[in-house]
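Chemist: Test case, fold it:
(one chain, ligands or ions: 1)
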Amino acid sequence: FDPLDPYGEMIIKWDLLQSSPGHHTVLVKIENKQEYRHVEKPGWKLSWHWVNKTVIWDMRGAETTEQGNCSAFAASETLPHCCLRRPTIVDLLPGAPFNMQVSNCCRGGVLTSMSQDRINYVSAFHMTIGSFPDDDPGEFTMPYDFDIGVPGYTCGNATSVDPTKYSTDKGRRKTQALAFSRSHLKTSDMASNSAWKLDDHPKLPKGKTIALIVLDGWGESAPDEYNCIHTAPTPTMDSLKNGRPDTWTLIKAHGTAVGLPSEDDMGNSEVGHNALGAGRIFAQGAKLCDIALASGKIFDGEGFKYVSESFEKNTLHFVGLLSDGGVHSRLDQLQLLIKGSAERGAKRIRVHILTDGRDVLDGSSVGFVETLEADLAKLRDNGVDAQIASGGGRMYVTLDRYENDWGVVKRGWDAQVLGEAPHKFKNAVEAVKTLRKEPGANDQYLPPFVIVDDAGKAVGPIVDGDAVVTFNFRADRMVMHAKALEYEDFDKFDRVRFPKIRYAGMLEYDGELKLPSRYLVSPPEIDRTSGEYLTHNGVSTFACSETVKFGHVTFFWNGNRSGYFNEKLEQYVEIPSDSGISFNVKPKMKALEIAEKARDAILSGKFDQVRVNLPNSDMVGHTGDIDATVVACEAADVAVKMILDAIEQVKGIYVVTADHGNAEDMVKRDKAGKPALDKEGKLQILTSHTLKPVPIAIGGPGLSEGVRFRKDLETPGLANVAATVMNLHGFVAPADYEPTLIEVVE
Ligand SMILES: O=C(O)[C@@H](CO)OP(=O)(O)O
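Modeler: Numbers count the residues shown, from 1 in each chain. All right, here's what the predicted structure looks like:
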């Protein structure tokens, strides 16, 4: 994956043109679909491993670098071109004899990228293959273990897809290959175990137990009454900071430091944990979608083409979080999607909105719905039947995560698919305004509603043949919904009706589950995470949080990958979260239970790294309840103490940090930093994350003497933590990781 080239890839295609037992003709093409990367001289050098004992009788357009031992064919009239089990093929040079050429050959292996040169981005060669005399002449079997011979690429396994159709006789006849396989190449070369080996740190020892504590939503801000971290009693966290400039510092947790489009983007747990675990900054979903929308490429991709097949006769539905928070989705991206779809033939559009009030101010939902309504009215003027069809608050309708409460997803299903909800309105602005007036109502927890026509009938249930696009780019709160929309076998709630739809996510939400199977933009490919390196180097890990943050310290930490890298070395423990309540009701959440599990894991002596996420300051901060958030911060501090006490006992090391800010600032501020009042003179409570930096502290009896934070890094951020932790485990981090935060002084 190359952030400059997020859509790029190289593909090797094999078309089986003729096949009889023991004799096959194959056309191989290498396509450079990168945007910027050319394959320069000395060019590609393609090799693979034959499954059976196979020979290449004849080649055109390319040749193998060696013939190998063909003595088994001594009796035949001609000797094969190559008898190696692992042949290496090179392109012919320009000026090769005419009878040796095929189209797209003979450039010495140089391949330009498709977007820069639409003529020379393909290399092709042709070969006839057969079997050894002592082997069964059988069906063609695709070889494996491809290597393109260009530094920085690894090939995935080949997969079978529809054969290519060829146009012959000046386009009058189409012929079709018999079978077709393609193998994708990735820009990383981690196939062999030795590639994972980390060098020993020259000064720091191995074998220390490290507690890695992530306080969720714990930023650093000026002390005042709206800084709950300041007002809460937090003696443990204070003791890590006060008078310890060498082992306590601040790091960036928002904006470009975590792969977001701009410095105005607050941090969030997804990008924060990705950066913490991966040690590098990857362009994140928000940015990838911006690029795809700006270039219009989003509409050329397979995902959009798939949904657009419903445009002629059926409805296109959009489902997602309606705000400009930029954490899970953005209104401007939805607007571009709606516009682009209408321009490309969508005639009937329905939007199912989820109101926010968590990444943006509570009450802002009304403005967002008004903006969307105005857009849809314009479309209606232009003959597109476009309307909002249903809605509800994000925390109560649809956007649950990590299977904490399927009831949330069911409420969304009932409104969006079945067209059923306890509240019915003729118009969405009226719906949101009215429902917000109910006692205790807020944007996050608005009850579900459907929009109905004059006859009281829902205007937009999702039915057979319709297309559905979920426009959130962030994964965690879309996975459950995606399962309901896509899984044939599904038992989490009674769907009543399971419409046959064309469904695409804005991104792929789970790379392991391949969910959803269609999407508009490819997600960031976060590879070679610190967790994967450390397991390859024998480091054992225990990771724990409660349900609402469990995936943060596992899935996000490991580059959006579920499951273990090495079951023998890892143990992940999830403590069930409270469900069906807002977390200000029980602000201590499961901090104590998480700390107990971490303590036991540390004292067991079985783990080199014990990693936890303490969710309190974030989850309770999001409720906007200041008193409860103070209790939450205190609870997190108590949990930190319990873990640090255990580290003290085993003479280990601690690293305490956070993924983004939240509880340190609970009020909207004016430019001078003073609390901003609304039109009625009331304080505007901030439920969202912030742009603040987060602390990081290191220490413990196991920390070698002379270890301190460097002062020479210009803007250290979350991505610098992975290399730091690797050092504390006694290893040097890979060269392309963001630099370590620490140095060892004599
Ligand atoms: O709750 C969430 O979904 C986000 C805020 O939208 O918070 P976090 O990034 O901390 O998970």
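
Chemist: in the protein, which helix has the most residues?
Modeler: helix 626-649 (DSSP state H).

Chemist: Residue ranges in the stretch 101-250 of the chain under the pLDDT threshold?
Modeler: 118, 162-193 (pLDDT under 70).

Chemist: which parts of it sit against the ligand?
Modeler: Residues of the stretch 101-250 of the chain found near the ligand (Cβ under 6 Å from any ligand atom) are 216-217. From N, CA and C alone the C-beta is placed, and that goes for glycine too.

Chemist: Helices of the stretch 101-250 of the chain, residue ranges please.
Modeler: Along the stretch 101-250 of the chain, counting by DSSP state H, counting those that start in this stretch, helices occupy 228-231, 235-241.

Chemist: Using a markdown table, please lay out these together with distance to residue 483.
Modeler: Listed next are the helices of the stretch 101-250 of the chain as a markdown table, based on distance: least, Cβ to Cβ, whole Å:
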| stretch | distance to residue 483 |
| --- | --- |
| helix 228-231 | 36 |
| helix 235-241 | 38 |
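
Chemist: and among these, the most buried is which?
Modeler: helix 228-231 (a mean of 24; mean count of other Cβ atoms under 10 Å).

Chemist: Any idea which of the helices of the stretch 101-250 of the chain gets closest to residue 325?
Modeler: helix 228-231 (20.6 Å; Cβ to Cβ).

Chemist: just checking, what packs against that closest one?
Modeler: helix 616-621, helix 626-649 (3 or more Cβ pairs under 8 Å, 6 or more residues apart in numbering; DSSP states H and E).

Chemist: one more time with 6 Å, if that's ok
Modeler: Here helix 228-231 touches helix 626-649, going by 3 or more Cβ pairs under 6 Å, 6 or more residues apart in numbering; DSSP states H and E.

Chemist: In the helix it packs on, which residues are buried?
Modeler: For helix 626-649, burial by neighbour count (16 or more other Cβ atoms under 10 Å) applies to 626, 628-644, 646-647.

Chemist: tell me which parts of the stretch 451-600 of the chain are close to the ligand?
Modeler: Proximity of the stretch 451-600 of the chain to the ligand (Cβ under 6 Å from any ligand atom) is limited to residues residue 477.

Chemist: Now for the closest residue to the ligand within the stretch 451-600 of the chain: which residues touch it?
Modeler: At 5.5 Å from the ligand, residue 477 is the closest residue in the stretch 451-600 of the chain, using Cβ to the nearest ligand atom. By Cβ atoms under 6 Å, 6 or more residues apart in numbering, the contact set of residue 477 is 399, 401.

Chemist: Based on its surroundings, how many neighbours for residue 704?
Modeler: Close neighbours of residue 704, defined as other Cβ atoms under 10 Å, add up to 16.

Chemist: what does residue 491 give?
Modeler: 8.

Chemist: helix, strand or coil for the residue of the stretch 451-600 of the chain closest to the ligand?
Modeler: On the three-state scheme (DSSP: H, G, I helix; E, B strand; the rest coil), residue 477 is labelled coil.

Chemist: Look up how far residue 330 lies from it.
Modeler: 15 Å (Cβ to Cβ, to the nearest Å).

Chemist: Residue 49 now?
Modeler: From residue 49 to residue 330 the distance is 46 Å (Cβ to Cβ).

Chemist: ok, so what distance separates residue 386 from residue 680?
Modeler: Taking Cβ to Cβ, one finds residue 386 at 34 Å from residue 680.

Chemist: if you count what's nearby, which of those two comes out ahead?
Modeler: residue 386 (25 against 5).

Chemist: what's near enough to touch that one?
Modeler: Residue 386 neighbours (Cβ under 6 Å, 6+ apart): 349, 376, 379-380.
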